[in-house]
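1. Next input, structure requested:
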Amino acid sequence: MCNRYQTRPSADEVRRVFPARDRTGNMAWQDDVYPDRLAPIIRHGEDGPEIAQARWGMPTPPQFLPASRRDSGVTNIRNVGSPHWRRWLGPEHRCLVPVVRFSEPGKDHKPVWFEPVDGEPIFFAGIETRGWTSIRKVKDGETTDDLFGFLTCPPNAEVGAIHPKAMPVILTAPGEWEAWLNAPWEIAKQMQRPLPDGALVKV
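-> Numbers count the residues shown, from 1 in each chain. Coordinates of the predicted model:
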């Protein structure tokens with residue numbers, strides 16, 4: 001599953017693709033994103049879409065938490081029929097995750113990178129929650145964080161040749177971006193599908 005991707009380098013770069021209010025102060029951030037790290041997302045704000053930083057990894061279903069209750073988070077979400085995830089599928093919890101390229105682990109466990117063949121902007125279809133209290137790292141104790149993850153689906157041909165189980169749900173068109181943020185779930189759920197074969201290139 002995708003546990004590393006590269007994002008756009010600043011809020012200004014994100015806003016050139018999708019107009020949104022910057023809540024980060026246009027601070028510089030790391031292009032490479034790893035699980036449990038802060039990364040930019042576009043989410044619903046009080047006065048429209050906003051760019052904010054959130055921690056990559058949604059809350060783990062309680063039955064899968066270890067005895068220590070440490071929750072390292074769920075980065076990739078496939079089973080949206082689960083009651084654990086259904087609470088976050090409404091428009092108010094949906095977000096766009098800016099991405100330039102993403103990786104899947106190859107046979108030697110080294111990342112294999114993919115990006116759009118046409119070079120056009122893309123987003124992952126994400127979900128988010130705010131003010132979630134949990135133990136992310138034992139040494140830190142309980143912390144309260146804004147969290148996000150993104151949906152996955154069966155892979156297309158390019159990703160399937162490396163990782164046959166799943167790929168991120170990728171949105172490529174402005175109409176899809178708007179629909180993911182705002183449409184009823186009956187419409188938005190149709191976007192949980194792979195990109196057409198040939199839409200990605202291995203880099």
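2. can you pull the pLDDT of Ser68?
-> For Ser68, the pLDDT comes out at 82.
3. right, and Asn26 touches Glu13 too?
-> No: in this structure Asn26 lies outside contact range of Glu13 using CB atoms under 8 Å: 9.6 Å. From N, CA and C alone the C-beta is placed, and that goes for glycine too.
4. Please identify the residue most distant from the middle of this structure.
-> Within the chain, Ala67 marks the point farthest from the mean C-alpha position, 27.3 Å out by CA atoms, centre = their mean.
5. how far away is that residue from Thr143?
-> Here Ala67 is placed at a distance of 19 Å from Thr143 (CB to CB, to the nearest Å).
6. Trp185 now?
-> Distance, Trp185 to Thr143, by CB to CB: 30 Å.
7. Pro83 too?
-> Taken as CB to CB, the span from Pro83 to Thr143 is 25 Å.
8. Just want to know which of the two has more residues nearby.
-> Neighbour count, other CB atoms under 10 Å: between Pro83 and Thr143, Thr143 has more, with 12 against 7.
9. What helix or strand is the more buried one located in?
-> Taking DSSP states H and E as the criterion, Thr143 maps to strand 141-153.
10. That strand pairs with which strands, parallel or anti?
-> strand 48-56 (parallel), strand 76-77 (parallel), strand 122-137 (antiparallel), strand 167-168 (antiparallel) (DSSP bridges).
11. Quick check on His93: phi, psi?
-> phi -110, psi 0 (degrees, to the nearest 10).
12. Longest helix in this structure, please.
-> helix 174-182 (DSSP state H).
13. So for this protein, the centremost residue is which one?
-> Mean-position check on the chain, CA atoms, centre = their mean. Result Phe150 at 3.4 Å.
14. what's the distance between it and Leu96?
-> 9 Å.
15. tell me, what's touching the two both at once?
-> Here Phe150 and Leu96 share the contacting residues Phe124, Ala125, Gly126, scored by CB atoms under 8 Å, 6 or more residues apart in numbering.
16. Next, work out how far apart the first one and Val33 are.
-> Put plainly, it is Phe124. Distance of Phe124 to Val33, computed by CB to CB: 10 Å.
17. Name the residue in these two with the higher neighbour count.
-> Applying other CB under 10 Å to Phe124 and Val33 shows that Phe124 carries more neighbours, namely 25 against 21.
18. Kindly state the beta-bridge partners for the more buried one.
-> Beta-bridge partners, per DSSP bridges, of Phe124: Val97, Ile170.
19. show me the contacts for it.
-> Per CB under 8 Å, 6+ apart, neighbours of Phe124: Tyr5, Leu96, Val97, Val99, Phe102, Phe150, Leu151, Pro168, Val169, Ile170, Leu171.
20. and the third one, how many neighbours?
-> Yep, that's Val97 we're talking about. Counted with other CB under 10 Å, the neighbours of Val97 add up to 29.
21. thought it was touching Ile170?
-> No: the criterion here is CB under 8 Å, and Val97 misses it with Ile170 at 9.8 Å.
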